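In: What would the 3D arrangement of this be:
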Amino acid sequence: MPPGEFFDEKDTLASGERAEYHRDRVCAIVRHAYDNAPAVKAKMDGAGVRPEHIRTVEDLEKIPVTKKDNLAQLQKESPFFGGFLAIPSEQLDKIFLSPGPMYVPFKDSPFYRGQAPRGLHSLGFREGDRVVTTFSYSFIAGHYVDFSLRCLGATVVPTGVGNTELQVEVMHTLQVAGFMGTPSFLMNVIRKAEEMGYDFRRDFSLRAALVGAERYPPELRRVFEEDYGLATGESYGISEFGMPASQCPQNKGLHISPELLVEIVDPSTGKQLGPGEEGEVVVTPFNDIYPLIRYATGDLSVYTDEPCACGRTTPRLTGILGRVGDAVKVRAVFVHPSQLEGILSRFPEVARFQARVGRDKERDVLTFVLETTQGADREKLSQSLRDNIKGVCSVAVDRVEFADPGAIPEDRKTLVDERPWD
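Out: The predicted structure is shown next:
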């Protein structure tokens, strides 16, 4: 595979050249952020660090991380973007709402255009392709994949999720070549097509799928690639940055975009870890508009800096292994314990509760276990809880279960992730 077919010179730098490239970009963005983003200046001043103290990537350790779990509070204290916006808000193209709630600024810029087409082209998406996008346009995911596809020159077919029968007819009639969405929803569409009498491999033009926002089990990948002949790959999406990492056809990890720096750090200290060591993903984007210096995502991963057989030399994340902190991603949406506690406080008949996230085949399952006061109308409570959670968190509750008094420990965690991450 010749360099340049799926990537450019920034993806193929030798190790020494890459270290120099990262050093120069890190020093420049730290200086820019210090001068233009008040929150960055405040946290650096609080740590006794000035831009001239950052001369290498390793020097980033001197700057405290900003945790994802804390960003919503920072935005409340300093509307609208917590002091991290480095341009006047009037210059923004869009402002997105992310669960928390948090506000995410967006402006068409070299940062986003530098990321956009890489992962898509490497998986077989091409100029002129018709591509179904099922990510919600209410959040940045739907917009960002739309933006990325248009940067590539593809034709976007935004369908959203649900109504699988209509999805089947759209994909068949328009001879759709690409799909973007969760792997579980793609499987649902394929099954619906077969129920409708189609031979999916023979009757459809789909050849490439970029999936994300939930775990992609190896067995499901095998089904897509071997049974249906699809080229598939995962992306790593972060609402604040777009698509910072994505797979190449080798499927040997997620290539990190050259438009940002990723550190893997010890979650308790913020100290950088080496290749093969598990830690938290901390991102510094080379984004002049929204320079979130050392943004701790809460995701756990491992990286390798070994060159890939595809020809790229960019570091790769081996995948997302789990979460640190309190927030848990459920079907592509982050749910925060503080959100749940605020909602449940509206129900005086709930004495104690716990939310649990599990897995049923290819789908995340959100269950609420409730202890209630005597005489509570459980049916009415269950429906009202479902409505409130959906309205605030933008994720549906699958099950509401009722427990005997004392069954839920007093020192329990509000939100528990019970999914297997191995």
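
In: Which residues are in contact with the closest residue to Ala193 other than its chain neighbours?
Out: Ranked by CB to CB, 6 or more residues apart in numbering and with sequence neighbours excluded, the top spatial neighbour of Ala193 is Val168, at 4.6 Å. Every residue, glycine included, has its C-beta placed from N, CA and C. The neighbours of Val168, taking CB atoms under 8 Å, 6 or more residues apart in numbering as the test, are Val189, Lys192, Ala193, Met196, Tyr198.

In: isn't the fourth one right next to Glu165, touching?
Out: Looking back up the chat, that one is Met196. Yes - Met196 lies in contact with Glu165 (CB atoms under 8 Å); the separation is 6.9 Å.

In: SS state for the residue nearest to Ala193?
Out: Under the three-state scheme (DSSP: H, G, I helix; E, B strand; the rest coil), Val168 adopts helix.

In: Check Thr318 too.
Out: strand.

In: And it, how close does it get to Leu60?
Out: Distance of Thr318 to Leu60, given as CB to CB, to the nearest Å: 22 Å.

In: The two - which one has more neighbours?
Out: The neighbour count for Thr318 versus Leu60, taken as other CB atoms under 10 Å, is higher for Leu60 (22 against 15).

In: leaving aside the residues next to it on the chain, what's closest to Gly160?
Out: Thr134 (6.0 Å).

In: Contacts for the helix or strand hosting Arg18, please.
Out: Element membership for Arg18 (DSSP states H and E) is helix 15-36. The contact list for helix 15-36, computed with CB under 8 Å, 6+ apart, reads 10, 13, 40-41, 44, 50-51, 54-57, 60, 63, 84, 86-87, 258, 261, 284-288, 291, 293, 305, 313-314.

In: Pull out the buried positions in that helix.
Out: Neighbour counts over helix 15-36 (16 or more other CB atoms under 10 Å) mark Arg18, His22, Arg23, Arg25, Val26, Cys27, Ile29, Val30, His32, Ala33, Tyr34, Asn36 as buried.

In: Please tell me the pLDDT value assigned to Trp421.
Out: For Trp421, the pLDDT comes out at 62.

In: Check Gly100 too.
Out: 70.

In: correct me, but it touches Asn70?
Out: No - assessed by CB under 8 Å, Gly100 is found out of contact with Asn70, at 10.2 Å.

In: Who has more neighbours out of those two?
Out: Taking other CB under 10 Å, Gly100 and Asn70 do not tie; Gly100 has more neighbours (22 against 13).

In: Now do the SS call for the more buried one.
Out: coil.

In: Return the residues in contact with it.
Out: Leu71, Ala72, Gln75, Phe334, His336, Gln339.

In: Name the weakest-confidence residue in those residues, if you would.
Out: Lowest pLDDT of the contacts of Gly100: Phe334, 76.

In: which residues pair with it across the strands?
Out: Note on Phe334: beta-bridge partners by DSSP bridges are Lys329.

In: show me what contacts it?
Out: Phe334 touches Lys68, Ser98, Pro99, Gly100, Ala327, Val328, counting by CB under 8 Å, 6+ apart.

In: where exactly do the helices run in the stretch 301-422 of the chain?
Out: 337-344, 378-393 (DSSP state H, counting those that start in this stretch).

In: By mean pLDDT, show me the worst of those.
Out: Among the helices of the stretch 301-422 of the chain, helix 337-344 scores lowest, with a mean of 86.

In: got the buried residues for that helix?
Out: Pro337, Ser338, Gln339, Leu340, Ile343, Leu344.

In: Equivalent analysis for stretch 242-257, please.
Out: Quick answer for stretch 242-257 (16+ other CB under 10 Å): 242-251, 253-257.

In: Tell me the one of the residues you listed nearest Arg202?
Out: The shortest gap between Arg202 and any of the buried residues of stretch 242-257 belongs to Pro249, at 23.7 Å (CB to CB).

In: Can you classify that closest one by secondary structure?
Out: Three-state assignment for Pro249 (three-state DSSP): coil.

In: Contact partners for it?
Out: So Pro249 contacts Ser122, Leu123, Gly124, Ala231, Gly233, Cys310 (CB under 8 Å, 6+ apart).

In: Ala14: what's it in contact with?
Out: For Ala14, the contact set (CB under 8 Å, 6+ apart) comprises Thr313.

In: before we move on, the earlier item: could you single out the nearest of the buried residues of stretch 242-257 to Glu226?
Out: Asn251 (13.0 Å).

In: isn't the closest one right next to Arg222, touching?
Out: No - when contacts are counted by CB under 8 Å, Asn251 is not listed as touching Arg222 (11.2 Å).

In: what about the nearest residue to Phe368 once chain neighbours are set aside, distance to Asp129?
Out: Computed as CB to CB, 6+ apart, the closest residue to Phe368 that is not its neighbour in sequence is Val400, at 5.0 Å. Remark: distance between Val400 and Asp129 (CB to CB) = 42 Å.
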